[in-house]
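Novice: Here is a sequence with its predicted model. Questions after.
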Amino acid sequence: MTLHLLALAPAAVGLCCLAADRRRARAAEVVAAMLMMMAMLDAAVTQLLPAVWWVASLLAGAMALAAARGRARAVTAGSSGPAGGAGDAGGAATVHGAMPGVAMAVHSAAGMVVMAALLLAMGASAAGAGAAHHHSGTPAFGPAAVVLGAGYVVASAVLALRARGGLERAQYAAMAGSVALMAAALVG
């Protein structure tokens, strides 16, 4: 439980950095970060809602964030369709150049998926621990969630090293730290 509480600190720092970065802060990313904070707080402290509710909310939020960002990219590229227009060979480079927050949006959506996996694994491990002597059918999802979290931490570190601004670097590093602590809580 202590590591869960500690994981809230870097997540809060990341949320503050995201909200403070006026040149790229988007309401959707801030809402996504707030949803992750609420899920983490509930899992660590109150446990008012079942973990499966948070998992469903985080996955729905990740899909909504990806859809909103994808639609914004399509509009920025001058396309009327969600796929960026047929025959637009240079569209991806133009879109990514025009939308500097794409990496952060992808990172935020991926963070929501990783957080959902960690919450699901924590719930499964708690259920498995209580029913271990009853031959529980709980899948061994914990190791997969830890590997997923480790991949996210590595990707966050790479993005932090490539980031241009200090707030952006801090946000990537904070998310990496938060996921690392949650994965460590699952292992320990």
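Specialist: Structure's in. What do you need?
Novice: hey, which helix or strand in this protein has the poorest pLDDT?
Specialist: When the helices and strands of the chain are scored by mean pLDDT, DSSP states H and E, helix 91-98 comes last with a mean of 38.
Novice: After it, which helix or strand is next?
Specialist: Downstream of helix 91-98, the next assigned helix or strand under DSSP states H and E is helix 102-130.
Novice: That next one packs against which elements?
Specialist: helix 27-41, helix 51-76, helix 142-162, helix 166-187 (3 or more Cβ pairs under 8 Å, 6 or more residues apart in numbering; DSSP states H and E). For glycine as for every other residue, the C-beta is placed from the backbone atoms N, C-alpha and C.
Novice: got the angle for that helix vs helix 166-187?
Specialist: Computed by axes from the mean of the first three to the mean of the last three Cα atoms, to 10 degrees, the angle separating helix 102-130 from helix 166-187 equals 20 degrees.
Novice: How far does helix 102-130 sit from its chain's centre?
Specialist: From the chain centre to the centre of helix 102-130 is a distance of 8 Å (Cα atoms, centre = their mean, to the nearest Å).
Novice: same question, stretch 33-49
Specialist: 14 Å.
Novice: residues of that stretch that come out buried?
Specialist: Using 16 or more other Cβ atoms under 10 Å as the test for burial, stretch 33-49 gives 33, 35-37, 39-44.
Novice: hmm, who's touching that stretch?
Specialist: By Cβ atoms under 8 Å, 6 or more residues apart in numbering, the residues outside stretch 33-49 that reach it are 1, 4-5, 7-8, 11-12, 14-15, 18, 51, 54, 57-58, 61, 108, 111-112, 115, 119, 122, 178, 182.
Novice: are any of these buried, and which?
Specialist: Buried, going by 16+ other Cβ under 10 Å: 4, 7-8, 11-12, 14-15, 18, 51, 54, 57-58, 61, 108, 111-112, 115, 119, 122, 178, 182, out of the contacts of stretch 33-49.
Novice: re earlier: ok, the buried residues of stretch 33-49 vs A103, which is closest?
Specialist: Nearest to A103 among those: A33, at 15.1 Å, using Cβ to Cβ.
Novice: quick one: the closest one from L18, how far?
Specialist: Here A33 is placed at a distance of 6 Å from L18 (Cβ to Cβ, to the nearest Å).
Novice: try V113
Specialist: As judged by Cβ to Cβ, V113 and L18 stand 18 Å apart.
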